[in-house]
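K.L.:
Dropping a prediction and its sequence here:
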Amino acid sequence: MSLRFPAPLRLLSAFLSLECAAPTPPPETSSVPGQPPPATSAPAWVTRAVPAPRVTHHVFASAATKGNVSYHLYRPAAYADETRRFPVVYWLHGSGGGLPGIPVVAGRFDAAIAAGKLPPCLVVLVNGLEMGMYVDWADGSAPVESMIIRDLLPHVDATYRTIAQREGRLLDGFSMGGYGAARLGFKYPELFRAVSLAGAGPLQSELRSTPRASRLQAEELLKRVYGGDQAAFLEVSPRKLAERNAKKVAQESLVRMVIGEQDETFGNNEAFHRHLEALGIPHGWTIVPGVGHEPERVFEALGDANWEFYRKAFGVHGGK
C-alpha cells in the first residue's frame, strides 16, 4: 500500500547523500559533492567529536579493524534518571561520513521522545566511513560490516543498559544508510527486529551507473568496495540477501520503505519494493510527494507516522 504525505522545507543533495549537509564540508567529508574520496585515503575509523545535546563521542577497540573505531551516542533524559533497559536504534548515515547530520538526527529523536511520540531509546550514530557501504570491502581494507556486527553491537550491549536482543534493536538510515540498513537487517534478522530504508541506494542488481552519480564514479565505487566485480556487488546486495532470508524476514521482521516522489532513486526503490512483494516480505511503502533526495524534508513530511513505525517495532501502542 502506498501512503502519501504533504511536505514542507528544503535541505541537502549529494551522491548517495548525507543525512544533512553543511555549507562547508569538515575534514572528514568529501570536498566535492558526489565525488568518492581519493582511493589512497585511509579509512577514518576515528572521527572528530560532534557536539550536540545529549550526544557523546566514544572510541572502542575493534577486532575486525585491528584498531579503534569511534561512534556517537544519543541518550534520552530518562537514561540518567532510571535503571531500566532501553531499546537501541542503530542510525546509519549516508555518504560523506554523516558528521554534519548528527545534531539534526539526535534533535529529531530528542524532540519526539520529549513529546511522548517515541519511547525513550538510545541512538547509536554509527561510523560507516565516507563511502563504506556498510559491507566488508573485497580487499579486506575496510571491514565495515564485521566491525558493526561482531564488535559494535556487543560493545554497546556490554557498556550501556540496552535491551540486548533483537526485539530491542532497530536499523534505520538514509541513502547509503538505507542500503546498509537493508543489507544488515536482511542478512541478520536474528539481530534486528525492524529495518527502515529511507531514500535507499544502491538497490539495483548492477552498479554500472546510479541516478545520483556518473558512470565513472560508479565504476570507482565498484572497484574500491566490491573489487570491480558485479557478481560480488549482487552477492552482498539487499536484493540477494532478501531472497536468501525471505521466509525469516517475512515472519519476524518489521520492514518499511520511504522514498521522495521526486528522488532520483525512486525507480530503483520502486523496483525493490516490487521485489520484496514478489518474495512475500510484508513492508510499508510510503511515497512522499513533491520531495527529492532530501532527508529532512522526508522526515518532516512523515511527521508522527515516522514514530508510529518505531513504536510498533518496540512493542509500544498509542502515543501522542
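P.N.:
Great, that's in hand. On a predicted model such as this, the values are computed, not experimentally measured, just so you know.
K.L.:
okay, CA-based contacts and neighbour counts for the rest of this
P.N.:
OK.
K.L.:
List the buried residues for stretch 47-58?
P.N.:
47, 52, 55, 57 (16 or more other C-alpha atoms under 10 Å).
K.L.:
For those residues, please prepare JSON lines with the additional fields distance to S141, secondary structure and pLDDT.
P.N.:
Shown next, in JSON lines, are these (distance: C-alpha to C-alpha, whole Å; DSSP: H, G, I helix; E, B strand; the rest coil; pLDDT from 0 to 100):
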{"residue": "T47", "distance to S141": "17", "secondary structure": "coil", "pLDDT": "97"}
{"residue": "A52", "distance to S141": "31", "secondary structure": "strand", "pLDDT": "97"}
{"residue": "V55", "distance to S141": "29", "secondary structure": "strand", "pLDDT": "98"}
{"residue": "H57", "distance to S141": "24", "secondary structure": "strand", "pLDDT": "98"}
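K.L.:
Take those residues and write them to JSON lines, including distance to G101.
P.N.:
What follows is the buried residues of stretch 47-58, written out as JSON lines (distance: C-alpha to C-alpha, whole Å):
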{"residue": "T47", "distance to G101": "14"}
{"residue": "A52", "distance to G101": "10"}
{"residue": "V55", "distance to G101": "12"}
{"residue": "H57", "distance to G101": "14"}
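K.L.:
which residues sit against the helix or strand harbouring R239?
P.N.:
According to DSSP states H and E, R239 maps onto helix 238-244. Residues from elsewhere that reach helix 238-244 (C-alpha atoms under 8 Å, 6 or more residues apart in numbering): 179, 182-183, 186-187, 203-205, 234-235, 249, 272, 275-276, 279.
K.L.:
make it 7 Å
P.N.:
182-183, 186-187, 203, 234, 279 (C-alpha atoms under 7 Å, 6 or more residues apart in numbering).
K.L.:
Flag every buried residue along it.
P.N.:
Neighbour counts using 16+ other C-alpha under 10 Å place 238-243 of helix 238-244 among the buried residues.
K.L.:
Equivalent analysis for stretch 60-68, please.
P.N.:
Buried residues in stretch 60-68, counting neighbours by 16+ other C-alpha under 10 Å, are found at 62, 64-65.
K.L.:
Between the two ends of it, how far is it?
P.N.:
The straight-line separation of the ends of stretch 60-68 (C-alpha to C-alpha, to the nearest Å) is 5 Å.
K.L.:
From L276, how far off is the nearest residue to A44 once chain neighbours are set aside?
P.N.:
With C-alpha to C-alpha, 6 or more residues apart in numbering as the criterion, A44 has its nearest non-adjacent residue at 6.3 Å, and that residue is L129. Separation of L129 from L276 (C-alpha to C-alpha) stands at 28 Å.
K.L.:
Looking at these two, which is more packed in?
P.N.:
Using other C-alpha atoms under 10 Å as the criterion, L129 and L276 rank with L129 on top: 24 against 18.
K.L.:
Next one: the more buried one, what pLDDT does it get?
P.N.:
Note on L129: pLDDT of 97.
K.L.:
Tell me the one of the buried residues of stretch 60-68 nearest A106?
P.N.:
A106 lies nearest to S62 out of the buried residues of stretch 60-68, by C-alpha to C-alpha, at 24.4 Å.
K.L.:
Torsion angles phi and psi at that closest one?
P.N.:
For S62, the backbone dihedrals are phi -110, psi 120 (criterion: degrees, to the nearest 10).
K.L.:
Can you verify my assumption that it contacts S146?
P.N.:
No: assessed by C-alpha atoms under 7 Å, S62 is found out of contact with S146, at 9.3 Å.
K.L.:
Pick out the residue nearest the middle of the chain.
P.N.:
By C-alpha atoms, centre = their mean, the chain has its centre lying nearest to G173, at 2.3 Å.
K.L.:
Let me know the secondary structure of that residue.
P.N.:
What DSSP: H, G, I helix; E, B strand; the rest coil gives for G173 is strand.
K.L.:
Enumerate the beta-bridge partners assigned to it.
P.N.:
Following DSSP bridges, G173 is listed with bridge partners L92, L197.
K.L.:
gap between it and R224?
P.N.:
G173 is 22 Å from R224, by C-alpha to C-alpha.
K.L.:
coming back round to it: pLDDT of the helix holding R239, averaged?
P.N.:
The model assigns helix 238-244 a mean pLDDT of 98.
K.L.:
what does stretch 291-300 give?
P.N.:
On average, stretch 291-300 scores 95.
K.L.:
Centre of the chain to that stretch, how far?
P.N.:
In terms of C-alpha atoms, centre = their mean, to the nearest Å, the gap separating the centre of stretch 291-300 from the centre of its chain is 15 Å.
K.L.:
distance from the centroid: which residue in the protein tops it?
P.N.:
In the chain, by C-alpha atoms, centre = their mean, D81 is the one farthest from centre (28.9 Å).
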